[in-house]
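Q: After the sequence you'll find the predicted model.
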Amino acid sequence: PIEATIRLTAASGGSGHEHAAGAGDGAPDTDARARTVAIAVTDGKVEPPPGRVELKRGERVRLRVTSDQADTLHVHGYDKEAELPAGKTATLTFTADRTGLFEVETHGSGLVLTQLVVR
């Protein structure tokens, strides 16, 4: 269920470096043009509670997810994935170039982390 809608702003600074799908090596992701969505999973609970993130078509988005359990981060509709090592932050950056509603979830635990609304 959707409990909240959050509006996020783009991170400042950066060198234009970005990670490919599956990146989660702890290296900085400083693509200044990307909007950052930070999510934490602890004891099966998602923080902030799952909501919707509004994006414009063509906007860059950076999903920064930390989980206390090893899992796989997955963005439906874009078929983007990243390994979620336990206790570490995984970062997945991509361009939201398709319109629609796309769930972001963990594969192993089946948790919905957020929904991306691209218009």
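A: Okay, I see it.
Q: where are the low-confidence patches of this protein?
A: For the chain, residues meeting the criterion pLDDT under 70 lie at 1-31.
Q: which SSE is the spatially most central residue of the chain in?
A: The structure's the chain has its C-alpha centroid closest to L63; by C-alpha atoms, centre = their mean the separation is 2.3 Å. Element membership for L63 (DSSP states H and E) is strand 59-67.
Q: what's the helix or strand following that strand packed up against?
A: Note on strand 59-67: by DSSP H and E, the next helix or strand toward the C-terminus is strand 71-75. Contact partners of strand 71-75 among helices and strands, from 3 or more C-beta pairs under 8 Å, 6 or more residues apart in numbering; DSSP states H and E: strand 59-67, strand 80-84, strand 89-96, strand 100-106. Every C-beta, even on glycine, is put in place using the N, C-alpha and C of the backbone.
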